[in-house]
Every structure is written in structure tokens, then in C-alpha cells.
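Novice: Here's my sequence, what's the structure:
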Amino acid sequence: MKDTGQSATLRYIPEVSVADLDNNKLIITEERGDFDYIYSVSDFITIEGKALKVSVSC
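Specialist: Residues are numbered from 1 along each chain as shown. The predicted structure is shown next:
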């Protein structure tokens, strides 16, 4: 493979897809900013103020 000076990086790979990969050959890291947040509808309805702004910001 030709060396282009760019790093070989895969992004947005589901955790289930990397579960059986060899960690000695790859560096696997999570991107905290890409985590999903799951709220129950009843909790989401009652969120007020700053908590709401943080949970739905894009």
C-alpha cells in the first residue's frame, strides 16, 4: 500500500463490530462527543432550564 502520509483511521464503527478485534494491533478509542443520550419520555417532558439546553444541543 502506498504511503500517502495520512493516518489510517476508521470512525463511527459500532462497538459490536470491534469487540473481537486484536487490541495489540489496533488502537481503539471512544469519542465521548459522539455518545448518544437516551431519556424516557416522561423524564424528557419534565426537563427544565439548563439541563434541557445541554441535552438537546447539537
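Novice: ok, which stretches of this protein are helices?
Specialist: 15-18, 41-46, 49-56 (DSSP state H).
Novice: which strands and helices sit next to the shortest one?
Specialist: Using 3 or more CB pairs under 8 Å, 6 or more residues apart in numbering; DSSP states H and E as the contact definition, helix 15-18 packs against no other helix or strand. (Glycine included, C-beta is placed from N, CA and C.)
Novice: which residues sit against it?
Specialist: With contacts defined as CB atoms under 8 Å, 6 or more residues apart in numbering, helix 15-18 is touched by 26, 28.
Novice: returning to what we had before: could you tell me the least trusted of the helices of the chain?
Specialist: Among those, helix 49-56 carries the lowest mean pLDDT, a mean of 58.
Novice: for Leu26, what are its contacts?
Specialist: So Leu26 contacts Val18 (CB under 8 Å, 6+ apart).
Novice: Distance check, the residue most central in space within the chain against Tyr12.
Specialist: In the chain, the residue lying closest to the centroid (CA atoms, centre = their mean) is Asp34, at 3.2 Å. Asp34 sits 7 Å away from Tyr12, going by CB to CB, to the nearest Å.
Novice: go on, Ile28?
Specialist: To Tyr12, Ile28 is 13 Å away according to CB to CB.
Novice: and if you look at Ser40?
Specialist: In this view, Ser40 and Tyr12 are 26 Å apart by CB to CB.
Novice: ditto for Thr29
Specialist: Thr29 is 12 Å from Tyr12, by CB to CB.
Novice: and the gap between Gly5 and Thr29?
Specialist: For Gly5, the distance to Thr29 equals 22 Å [CB to CB].
Novice: Kindly apply the preceding question to Ile47 instead.
Specialist: For Ile47, the distance to Thr29 equals 30 Å [CB to CB].
Novice: more crowded one of the two?
Specialist: Neighbour totals were compared for Ile47 and Thr29, and Ile47 leads with 14 against 6 (other CB atoms under 10 Å).
Novice: Give me the distance between Leu26 and Ala8.
Specialist: Going from Leu26 to Ala8 by CB to CB gives 10 Å.
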